[in-house]
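**Student:** sequence plus the predicted model coming up.
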Amino acid sequence: MYQLLAQDPHSKARAGLITTDRGVIETPIFMPVGTQGTVKAIEQRELLELGAQIILGNTYHLYLRPTEDVLSKMGGLHKFMNWQKPILTDSGGFQVFSLKELMKLTEDGAAFSSHIDGSKHFFSPERVMEIQRCIGSDIMMLLDECTSFPATHDEAKRSMERSMRWAQRCKTALEGSEPRYGARQFAFGIGQGSVYKDLRRESLETLINIGFDGYAIGGLAVGEKAEIMYDIVDFSTDYMPQNQPRYLMGVGTPQNILSCIERGVDMFDCVMPTRNARNAQLFTTTGRINLRNAKYRFDETPIDAGLENYASTNFSRAYLRHLFMADEILALQLASQHNIAFYLWLARTARQHILEGTYTAWKRSFLEQWYPQ
């Protein structure tokens with residue numbers, strides 16, 4: 001599934017290829033988040049034009065709406081949403097565990113009430129893999145327990161060990177079922193253990209012993225300091241196979257992504273590009289800007305002349321600010337297109353510098369410009 005092409009001589013940053021039946025993914029890669037079968041405010045044609053190679057879906061949300069019945073009838077999510085490239089789905093566990101008072105956890109799984117209508121549901125490891133088979137995900141994530149933060153060592157250990165037992169159940173469920181819609185479906189294990197390195201090592205060693213197609217680092221970017229996250233990522237990638245993809249879930253800012261590429265991560269996702277876009281906060285090749293600021297009222301410069309895409313180069317900052325101030329829908333579309341374009345550009349540029357052996361120097365120079373002291 002994964003081919004390593006190059007590694008930066010001064011860091012653990014790597015460039016590679018992930019091969020799926022629906023396309024080859026060039027890593028490092030940023031995956032736009034399409035929780036409910038749509039990347040918010042961006043249509044599929046635009047995603048292709050921006051260079052998206054894979055998008056993310058959410059098992060919890062797709063299970064509730066449009067439901068398995070609809071997805072099966074329509075031939076899976078790819079056909080339903082008219083997206084021919086790969087889709088990764090997270091297990092929905094994070095969403096279920098975030099319900100808190102609407103969720104009850106047992107060894108068997110998680111019982112929860114829908115946030116939509118209060119109806120009762122149950123996610124077991126086996127059920128979650130079954131739903132993802134129905135979705136037709138190219139990459140499926142296991143159901144794991146989302147460890148609270150902060151957590152004591154004992155709490156994190158109990159949580160991690162349950163996730164590992166669930167991982168074995170997910171693997172067994174996959175071995176007893178078949179892929180849907182004529183394409184291979186890969187599964188990634190998720191390392192847990194909070195901020196405790198002994199637990200992180202035990203978790204990854206257990207997952208590798210069970211055997212999955214790739215491995216993710218979960219349970220970070222949940223409130224810990226960035227330095228702690230970087231340390232755990234750096235530690236974790238030392239125990240992750242060289243010949244398989246590495247995915248850091250739910251991270252993050254441009255600085256987070258570049259710092260974790262440097263520590264050996266291949267795949268990233270985050271809602272930040274589209275969420276911030278809807279609040280007039282843009283990521284540009286020269287820094288972050290908030291278009292609601294009055295100083296952009298007469299700014300004739302393009303949104304970002306450093307990016308070669310329609311939204312970024314064909315509209316002025318003054319015009320996009322006007323759209324936001326007037327509550328025009330086009331503001332959300334253009335800003336979302338631009339921010340996704342930036343994140344895809346960031347990963348693509350990082351990859352090019354890894355291939356050229358200049359990643360570390362480029363990353364330092366870029367962040368010094370992006371976060372001036």
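**Tutor:** On my side now, so go ahead. Residues are numbered from 1 along each chain as shown.
**Student:** starting at the chain centroid, how far to stretch 141-159?
**Tutor:** Relative to the mean C-alpha coordinate of its chain, stretch 141-159 is positioned 20 Å out (C-alpha atoms, centre = their mean, to the nearest Å).
**Student:** and that stretch, average pLDDT?
**Tutor:** In this model, stretch 141-159 has an average pLDDT of 95.
**Student:** span of that stretch from start to end?
**Tutor:** Stretch 141-159 has an end-to-end distance of 17 Å (C-alpha to C-alpha, to the nearest Å).
**Student:** list the buried ones in it?
**Tutor:** Buried residues in stretch 141-159, counted by 16 or more other C-beta atoms under 10 Å: Met141, Leu142, Leu143, Asp144, Glu145, Cys146, Thr147, Ser148, Ala151, Ala156, Lys157, Ser159. Using the backbone N, CA and C atoms, a C-beta is placed for each residue, glycine as well.
**Student:** just send those back as a markdown table, with distance to Arg317 and secondary structure too.
**Tutor:** Shown next, in a markdown table, are the buried residues of stretch 141-159 (distance: C-beta to C-beta, whole Å; DSSP: H, G, I helix; E, B strand; the rest coil):
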| residue | distance to Arg317 | secondary structure |
| --- | --- | --- |
| Met141 | 38 | strand |
| Leu142 | 43 | coil |
| Leu143 | 44 | coil |
| Asp144 | 42 | coil |
| Glu145 | 44 | coil |
| Cys146 | 39 | coil |
| Thr147 | 42 | coil |
| Ser148 | 41 | coil |
| Ala151 | 43 | coil |
| Ala156 | 45 | helix |
| Lys157 | 50 | helix |
| Ser159 | 46 | helix |
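**Student:** name the next helix or strand following the strand or helix carrying Asn209 along the chain.
**Tutor:** Taking DSSP states H and E as the definition, Asn209 sits inside helix 197-210. Going down the chain from helix 197-210, the next helix or strand is strand 214-217, by DSSP H and E.
**Student:** sorry, back to before: of all the buried residues of stretch 141-159, which two lie farthest apart?
**Tutor:** By the measure C-beta to C-beta, Met141 and Lys157 form the most distant pair in the buried residues of stretch 141-159, at 21.8 Å.
**Student:** related to what we said a few turns ago, which one of the buried residues of stretch 141-159 is nearest Ala216?
**Tutor:** Met141 (6.8 Å).
**Student:** need the contact list for that closest one.
**Tutor:** Neighbouring residues of Met141 by C-beta atoms under 8 Å, 6 or more residues apart in numbering: Thr59, Leu88, Thr89, Asp90, Ser91, Gln132, Ala187, Phe188, Ile190, Ala216, Met249.
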